[in-house]
Structure formats: C-alpha cells, structure tokens
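**Q** build the 3D model from these lines:
(chains A and B)
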Amino acid sequence: MSLLQEEREIILSNEYVDNFDFAEVEEFVRGASKELFISHHFKTKKKMLVQPRGGFPTYKKQYALNEFFVNANVDVLPLTIDSNTRLNDYATAKKMLRLSEENDVDMLNGYPLVNHGYRTTRKMITHFNKPVSLRHGTPDARLLIETAIASGIFEIEGGPITYLLPYSKNFPLDKAFLYWKYVERVCANYSRLNEPINRESFGPLTATLVPPAITIVIQLLEMLLSLEEGVKSFSVSFSQTGSMNQDIVMGAVIRKLSAFYAKEIGCEDANIHLVYHQWMGAFPTNKSFAEQLINMSTVIASMVGADKIITKTREEASGIPTKEANAATVANTQYTLGILNGLPRIVDEEEEEILILEVHAIMEAVFNDPADTLWRKVFNSIKNGIIDVPFSPHIINHNEMITIRDAKKNIRIIKRGNVPIPKRCYEYEKAQCNLNKDTTSIVNDIIHDIGIMQ
Amino acid sequence: MNRLLIDVGSTYFKVSTPECIEQHFRDFNKDILDDLKYKCQKTIECYKKNDVYICSSANGGLSTLIIGLTNSFSLKYAKNIAFNSGINIIESVMYQNLLDYSIPSDLIDVVIIVGGINSNRDIFKDDLYEYLEKLNYSNIVFVGCENEAQKLEKNIQNLVILPNIIDEKLHIIEENLKVYLTNLYQQDIEGKEDIKNLYEITANQIYSTPYIVNKTLPFIHTKFGVVDPFILIDIGGATTDIHYSKDLVDDNIVTENEYDRLVFKKLGVYKSKESLIFAAQSNEFVYELLAHLKVTENIFSDESQKGTKVLMQLAIFLVLTKMSYYKQSYINLKLLSINSIVFTGGITKVLSANEIEDIISFFYKKILNSQHNPMTVLDGNYDIWTIGAGGEENVN
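**A** Residues are numbered from 1 along each chain as shown, chains lettered A, B, ... in the order given. All right, here's what the predicted structure looks like:
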C-alpha cells in the first residue's frame, strides 16, 4: 500500500466518518456524469459561468437553496462549509447540526459536510446534476476534501496560502503546505478516472488593499504547487480591486503569466482558467447601491474575460444572505452577461509592463530561496517577507508592505517592506500617489480607501 | 555512516551502532563512563572520538524560574524557549503578583526576567529586587524591554542582558535566549563529573536528548507511517516529555521548530515513581482506570514487572489528561485532532501496542467523551533518537 493510501485510511478512520468505502467512491467518480465536472463545462461552454455563494446547516435547507439557484439559471452550485468544520471541530458541528434540525434555526454558518457524510450529500449533488464548488477556508482540509469528492463535488477551492493568511492567525503555515499537498495528490489521482477535478485558488486574500503583484504571485505559486502534484485543471482568481483599469490589467497579466509558469515546470498540458470575484471588501449598507456595485462587477468580469464569476448579494452588508437574495443576484448577473456584447478590448501597456516586472521579480526571489522543494521555498519567502499580504492577521506575515489608492483608485505600493519590487516599478507606484501629506492624513486616506465602496 | 550513538538516560543507557542497538540498565553504584565501558567496552573501542555522538537527559536538566509581565506574551514566550532548550520550569511568576508567590526553597539554576516591548519603560520596581534577594539562584538573565536593561543591571548582580525576546510586532525572537540556555545546559553537563567524563570517548558536543528529539521530528516520516498531526510521548525514568505538532494548539507562536516540547518533570516510572503515584492518587479517574486494568491500589507498592506496567499505563493516562482541556495548563492540545501518537523511551520495552491502545481509548472515552482512536506507533528500536543523534548535520 502506498504511503498516501496509508495516510488516507487513517484520516478516514475518523469517528465522524461512517465507513468510507474507497473502492465504491472510485467507482462512483469513474462513472459520474460529466455535468458534475466544472472542468468539463469550462471546455464546452461558450459563456462565463455564474456561481453564487451559500451554505445552510441542514440538508433540507441546502436542498431548497439549490432549487432556488437552479430556478435562477445558475451554472455552478456552491457548497459553503460551516466554521466548525473548517477548524476540524466535527463534534461541535454535529451538536449544532442536531440543534438546527430540531429547532429549525440555523446554528451553523454553512453546511457541515463531514457530519452529513458523503452518502447523504451525494444524493443531493447527483439529483441537481450541476457542478458544485466547495467553498471552505480550511487549513487542514484532508478529511473534508475526501468527503467532498466522494459526494460528487469536483471543484475544490483553496490552498495553503490563500486559505491561511486571510483566515487564520495561528495555524502553522508549514503544516498547511503539507496538508494541501495531500489534497492536491488526492485530486490528481481522482482526475485520472474521469474528467479532471478542478482546483481553484482563492485570489481575494484579505480583500483589503492587496496590490495586484502580491495577488498574482500567490495565485501562480498555488497553481504551481498544485500542478506539480499532477492536477490538470486549475483556476486562478482575483477579486474586484476598485479600479476597472487595474482589474483589466491584472486579468491580462495573470492569464499570460499562469501559462508562462505552467510551461516553465513542464505542465503546459494543464487547463488554466480565470475566475473573477465580485467586490469582496466592505459593502454599502444601501441595498440599491449594493446592486449597482454587483452589476458593475459583472461588467468588469466581462471586460477581463473571466471564465467564471462568483457573485455577492445586496444583503452583503447586513448578514448572511437569504436564498431569495442569492438567487436574485444569479438571475441579475446572468441577465447582465446576456446583454453585454462586443465590449472593446482595453490594453494599458505601461501598467502591464510594470506589473509583469514586479511579478517576475518576486517569483525569481522565491525560486532563488535555497530550500529543496517548492513548498519550502514559498514558506521561507513568506517567513522572510518576500511575500507580504497587507492586513493579513497571520502571525507569520510580515505586514511591512503599505498600500494606498492613487487618484484613479488603483492600489499602489508606497512601502515595499522586504518584497523585492524592482526600483523602477517602486518609483512608478509611488509617483502615482500624493505622498507629500503628513502621516496622519495618509493613514486617514488608507482608512478611507479600505471602505471605498461604502 | 559508521557512527556510535549513545543516549544516557536517568535509568538506562542506549548504545547504537549501524548494526544494532543495545540497551543497558544503569548501575548507580558506578560512574556512567565506567558502567558504559564495563558493558560495551568492545563496541566503544571500535570508534574514533569524532564518530561518537552522545546525548543525555540523565542530569534532569536545569531548573528555571521565570518572572514576566503577561501570560500571553512574555511568560508564554520564555516558557516556550526554555522547554525547547531542554530546560525544566519550576515556577513562572507574574511580576504584578510577585508578593503572592512563595519563595522556592531549592536552588534555581537560572532566573529569567522578561516583559515589555522595547518602547516601554519604568516597568520593574524595587519589589523585584526584594524578591530576588530572597531567592537562591546561580544565574540570572534579562530578556525584556531594552529601556529597562541598564536600570536592572545596576541593581542586580551578575545579570546577563540579552536582546528582548518580544519584537515590536509581538513576535517571538528566540535565538539569543535559546543559545544562552543551551550553553548553560552544556556547562551544567560539563560541571557534572559523571557526564564530563564522557568527553573521554567523544570529541562532539553532548546535547540534551529532548533537544535532539525535537529536531528529529520533521523527519519522522522517513522511518514511520505517522500521520500529522501527531504527538510523541517519551516516558522515561525521571521525566515524561511530550513533543507536539504546532497545529494542535490554538494560540501558536512562530518559532523555527515545527514542533514544540512540554516536559512533565516528576512524571517518570523509576526515579520519580513516588511523585507519579502521588499524581495518580490525586486524579479522580485513576481508581476507575485501576478497576479497568483489573488491579487494586496495592499495585503501587508492587515492585514486579506488573507494577511497572501499570505505572507506565498510569503515566500515559496522566500526561494525556494534563494536556487536555479537562485540566487547564500551560498548553492544552487539541487531542481530538490527533491522528497518531508515537511512543518512545523505556515504555516501548515494557508495554505492548494493545496495552497502550487500551489506555488511550479509556482516556478518550472517560475524559473527552469521544470514540476517537488515534493510531499508535511504537518506536521500539529508538529510531527517533538515532535519526537525530548522529550529529546536527543529520537533521538540519
């Protein structure tokens, strides 16, 4: 038995897993409908796929949510996982699930997949026969991903960096890399049986003034970590920055460089897709404004040429959205996409050149780390501040980089910390901003920039 | 590589060559080197001094008292560095409540004073000096706010000043204190005649065994089918050591190590047998455990092999309890997330896998009310020690 298989058996002998049948799951994946694979839809669909967010604790409510989504003409169904499961606390998730079922009150903020089990969940997934995307935020997702794939969920979001730096303060990053290596291997192995399992990185990160270069570097590195384990379908992603021009530049650069770096490691046969998140920062409380913002995001996604868009709702500022609000966003987004025709192609050569130089410089510094494996090079680079994510709560993140918006609302780096932004690019970034103010005014500007859409 | 590895414990010593591992019960009437030569003379003679690597936990380590400002930063960071340097903590004192603590009567090897970030000032006052005057200690080191250093140096004799272990972002800076403590440990070893004599047969530095084990753990997968997260329990004659994977604690701190260490000083089955029995008798679940094992309290005075077995089983139960949320202590591990528990040390020679698993499931059922059943791995051949003991370069 391989080491991976030995490890899998131990992970799945968890007391909350009801007799995991490896052979049966393999047979299921082999024979699963192609409609369940988003990688298949990417290949065959001629339009941008629309995917909402959403997860309810009970089977009944999750089923009802999916029905709403299907009626709203959804392309990809979400399955958002509750916070207890994300932290591997299946005992609390179980208790809260029972309370939710008994009292008809949602005691969890998502679907506790491990507790429901794959046999139950698979019934729902195969019933709707649409691709499902697993949205979680779990540093140690080994058990969750095994359960998800066994349930028929063939798109797995996340990664060791993007699911850790924005979400977690203390979870050890080196462990996250190793746990995600397991996830990549499992996804790669199942990918051989039918259409590929799609892995998607979580580009928004902290969704707070993250400069494009950092987002792209992290997307590329998670992509490489995934491809080197054998994954054949991968989605890089980012969220609306607040500047239409910067979004378009970012979309162009991330597409070029993902193909470039995949080829660099001999994985050009993998399919790379681009996913765009509607605004992920603080939302306006005014619901009409929220709708305008969402609509604007859809237009930008079209200009960026995204393969998939992930939606938000008008209720974003006030709490977890209802199924009605969620379905309305899907329908509205589909409508907007349907009427957007013949958008002009915009290219900003100078901005593209600067961004490409920045990304290459950081990637080079990562590759130059003396560690013997890619994951350890990346780990060391985060530890040394070569990669620095603004506003990350994680204790390992340097938080030395400072960003602000320029007059055109582009996110600019005004303090680079240890991030090896080339001199020319750094000067360019700073030259776009008015830095002749006193420190207090700059700090006030940053605070304003964080809440720019409110 | 042709190396001779020797681990000197409080009860046994182990001698490892590429061909085999020998384990010998120590003769306490003899000097360690004499005893070693008497039992393994031929083996030792085959190796040059450069190829002999020795680690030791026989002297029980240094004792430390830490005075700090907060539980979440200064005390926590200093404790972490001390544990990972092979040091035993006898007391940690919150400076603000200094008067509430009784003065330890034993000689303390090193006092650590810590607290504040560098921009602070006027933290420590006369009450600190008064407290220290009553203490009986050999070394004293300050690793707190740099603005306080000069004042403390004036008022405390022989105070060693090292850079603050807390930086301005409240991160831990461990290197300086770690080096200082490991050097003290080293000097302590060198000062103890028994261990000092071992330099007759080795040209390499003698390290503390737990320090070596902690460095080895990232490479454990090369020898064992261990699934992360895991803990390693080393139950010895005088102490019990726990090495744990950092994702098992909620409030982690960034250090160079992937693993941290905890030591339960007086929880051993030979030299600290009495305190183990005392700890057992004060645990409300132990009588149920004894009933489960089908023995009575009389087992505590049983000197036979059976008595040792039960003590080993009690030690497993007690350390797991001490690390669980059932008992609030320095570290509470997320024991429900553990996939593997690795056992090393004398316990692997005494208990079978079944006997260990029996205790673990009893613990999970009684204390955590769970059916969780982590896989048990026995390091019966001391592989964990041998991976790390062959010199620093093996594990770096």
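**Q** find the centremost residue of the chain, please.
**A** By default, I'm working from chain A. When C-alpha atoms, centre = their mean is applied to chain A, the residue found nearest the centroid is residue A:202 (2.0 Å).
**Q** hmm, no, I was thinking of chain B.
**A** Central residue of chain B (C-alpha atoms, centre = their mean): residue B:263, at 3.7 Å.
**Q** in terms of pLDDT, where does that one sit?
**A** pLDDT recorded at residue B:263 is 76.
**Q** that one contacts residue B:83, correct?
**A** Yes - with contact defined as C-beta atoms under 8 Å, residue B:263 and residue B:83 form a contacting pair (6.2 Å). C-beta: built from backbone N, CA, C; applies to glycine.
**Q** so what's residue A:99 up against?
**A** A:105, A:107 (C-beta atoms under 8 Å, 6 or more residues apart in numbering or on different chains).
**Q** before we move on, what about residue B:220?
**A** Contacts of residue B:220 (C-beta under 8 Å, 6+ apart): B:226, B:230, B:232, B:342, B:384, B:387.
**Q** now, which of the residues you listed sits nearest chain A?
**A** residue B:226 (9.2 Å; C-beta to the nearest C-beta).
**Q** which residues touch the closest one?
**A** B:220, B:340, B:342, B:377.
**Q** so is the last one in a helix, a strand, or just coil?
**A** Assigned state for residue B:377: strand (three-state reduction, DSSP: H, G, I helix; E, B strand; the rest coil).
**Q** let me know the distance separating it from chain A.
**A** In this view, residue B:377 and chain A are 11 Å apart by C-beta to the nearest C-beta, to the nearest Å.
**Q** spatially nearest residue to residue B:39 (excluding sequence neighbours)?
**A** Counting by C-beta to C-beta, 6 or more residues apart in numbering or on different chains, residue B:39 lies nearest to residue B:24, which is 4.8 Å off, once chain neighbours are set aside.
**Q** wait, what's in contact with that neighbour?
**A** Counted by C-beta under 8 Å, 6+ apart, residue B:24 has contacts B:12, B:13, B:14, B:15, B:35, B:39, B:40.
**Q** one more: residue A:37?
**A** Residues near residue A:37 by C-beta under 8 Å, 6+ apart: A:131, A:154, A:194, A:195, A:196, A:197, A:198.
**Q** and with 6 Å instead?
**A** A:154, A:195 (C-beta atoms under 6 Å, 6 or more residues apart in numbering or on different chains).
**Q** and it, what are its phi and psi?
**A** Residue A:37 adopts backbone torsions of phi -100, psi 120, taken as degrees, to the nearest 10.
**Q** how close does residue A:267 get to chain B?
**A** Using C-beta to the nearest C-beta, residue A:267 is found at 26 Å from chain B.
**Q** one more: residue A:49?
**A** 34 Å.
**Q** please, where are all the helices along the stretch 51-200 of chain B?
**A** Assigned helices in the stretch 51-200 of chain B, in chain order: B:74-84, B:126-134, B:146-155, B:175-191, B:193-196 (criterion: DSSP state H, counting those that start in this stretch).
**Q** which of the ones you listed has the lowest mean pLDDT?
**A** helix B:193-196 has the lowest average pLDDT among the helices of the stretch 51-200 of chain B, namely a mean of 74.
**Q** hang on, the earlier thing: need the three-state assignment for the residue nearest to residue B:39.
**A** strand.
**Q** what's the nearest residue to residue A:31 if we skip its chain neighbours?
**A** Among residues not flanking residue A:31 along the chain, residue A:194 sits closest, at 7.8 Å (C-beta to C-beta, 6+ apart).
**Q** ok, that neighbour to chain B distance?
**A** Distance from residue A:194 to chain B, by C-beta to the nearest C-beta: 28 Å.
**Q** who's in contact with that residue?
**A** Applying C-beta under 6 Å, 6+ apart, the residues near residue A:194 are A:29, A:30, A:32.
**Q** report the buried members of the residues you listed.
**A** A:29, A:32 (16 or more other C-beta atoms under 10 Å in any protein chain shown).
**Q** just the pLDDT at the residue nearest to the centre of chain A, thanks.
**A** The model reports residue A:202 with a pLDDT of 98.
**Q** what's the answer for the one 5 residues further on, then?
**A** The pLDDT attached to residue A:207 in the predicted structure is 96.
**Q** look up how far residue B:53 lies from it.
**A** 52 Å (C-beta to C-beta, to the nearest Å).
**Q** and the two? Which one has more around it.
**A** residue B:53 (26 against 18; other C-beta atoms under 10 Å in any protein chain shown).
**Q** surely that one meets residue B:5?
**A** Yes - counting by C-beta atoms under 6 Å, residue B:53 touches residue B:5, with 5.1 Å between them.
**Q** domain ranges for the chain, per the record?
**A** No chain specified, so I'll use chain A. Domain assignment for chain A by the TED database gives A:3-339, A:370-451.
**Q** looking at chain B here, not the other one
**A** Following the TED database, chain B resolves into domains at B:4-59+B:194-210, B:63-185, B:225-378.
**Q** need those in TSV with distance to residue A:283, can you?
**A** Shown next, in TSV, are the domains of chain B (distance: least, C-beta to C-beta, whole Å):
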stretch	distance to residue A:283
domain B:4-59+B:194-210	51
domain B:63-185	30
domain B:225-378	30
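**Q** so what's the gap between stretch B:373-381 and the chain middle?
**A** Chain-centre distance of stretch B:373-381: 20 Å, with C-alpha atoms, centre = their mean, to the nearest Å.
**Q** quick one: buried residues of it?
**A** So, applying 16+ other C-beta under 10 Å, buried residues of stretch B:373-381: B:374, B:375, B:377, B:378, B:379.
**Q** picking that back up, mean neighbour count, the domains of chain A: which tops it?
**A** Most buried of the domains of chain A by mean neighbour count (mean count of other C-beta atoms under 10 Å in any protein chain shown) is domain A:3-339; its value is a mean of 21.
**Q** any idea how far the residue nearest to the residue nearest to the centre of chain A when sequence neighbours are not counted is from chain B?
**A** Nearest non-adjacent residue to residue A:202, counting by C-beta to C-beta, 6+ apart: residue A:162, 3.9 Å away. Using C-beta to the nearest C-beta, we find residue A:162 at a distance of 18 Å from chain B.
**Q** what helix or strand does residue A:162 sit in?
**A** Using DSSP states H and E, residue A:162 falls within no helix or strand.
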